[in-house]
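J.: Okay, sequence plus prediction incoming.
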Amino acid sequence: LTAGTYGEDDDWDSAVKEEWGSDAEVAEWNDLLTDVQGSMSRAVALAKRLGPWNERSGFIRRGGQKRKGARHYFAVPHHGQQPEWFRYEDTLCGGQISLGSWQKLRLPILTRLRRRGRRSAASAPLSTVGSGL
């Protein structure tokens with residue numbers, strides 16, 4: 001996650017590059033599905049790195065898009081216990097991480113660091129700030 005919080009219409013691409021360098025990009029939900037979906041242990045590890053659901057969530061793209069209508073996408077760790085009131089678009093591994101959408105938010109941005117020489121971020125590690133890892 002970026003250290004700073006950003007608005008829905010801020011330049012997310014510039015923000016992640018400014019904080020993490022030229023190999024950084026905004027994380028993509030579909031890449032998470034590919035990277036994590038089949039592995040409960042990877043989903044649990046990522047959810048733990050993100051932290052408590054009511055404290056840590058971050059903007060993310062889905063299919064290259066920042067939003068669905070007026071609602072912007074964000075990833076939130078629910079650790080397998082999604083609240084009934086939470087409206088989600090998708091989940092990873094039984095709700096370890098959920099894709100939500102809402103409007104008028106200020107959040108950090110979930111960031112992916114590309115490996116040098118790779119054009120796709122599909123297998124690059126996710127980065128978090130203050131995770132202790």
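T.: In hand now; what should we look at?
J.: Now do the contacts for the residue nearest to the spatial centre of the chain.
T.: With distances taken as C-alpha atoms, centre = their mean, Leu110 lies nearest the centre of the chain, 4.0 Å away. Contact analysis of Leu110 by C-beta atoms under 8 Å, 6 or more residues apart in numbering lists 1, 26-27, 58-60, 75, 126. For glycine as for every other residue, the C-beta is placed from the backbone atoms N, C-alpha and C.
J.: what about it, distance to Trp29?
T.: 9 Å (C-beta to C-beta, to the nearest Å).
J.: Mind listing the shared neighbours of the two?
T.: By C-beta under 8 Å, 6+ apart, Leu110 and Trp29 have these common neighbours: 60, 75.
J.: Need phi/psi at Val44.
T.: Here is the backbone geometry of Val44 (degrees, to the nearest 10): phi -60, psi -40.
J.: Quick check: pLDDT value at the closest residue to it other than its chain neighbours.
T.: Nearest non-adjacent residue to Val44, counting by C-beta to C-beta, 6 or more residues apart in numbering: Gln96, 5.7 Å away. pLDDT for Gln96: 83.
J.: Do I have it right that Gln96 meets Ala45?
T.: No. Checked against C-beta atoms under 8 Å, the pair Gln96 and Ala45 is beyond contact range at 9.2 Å.
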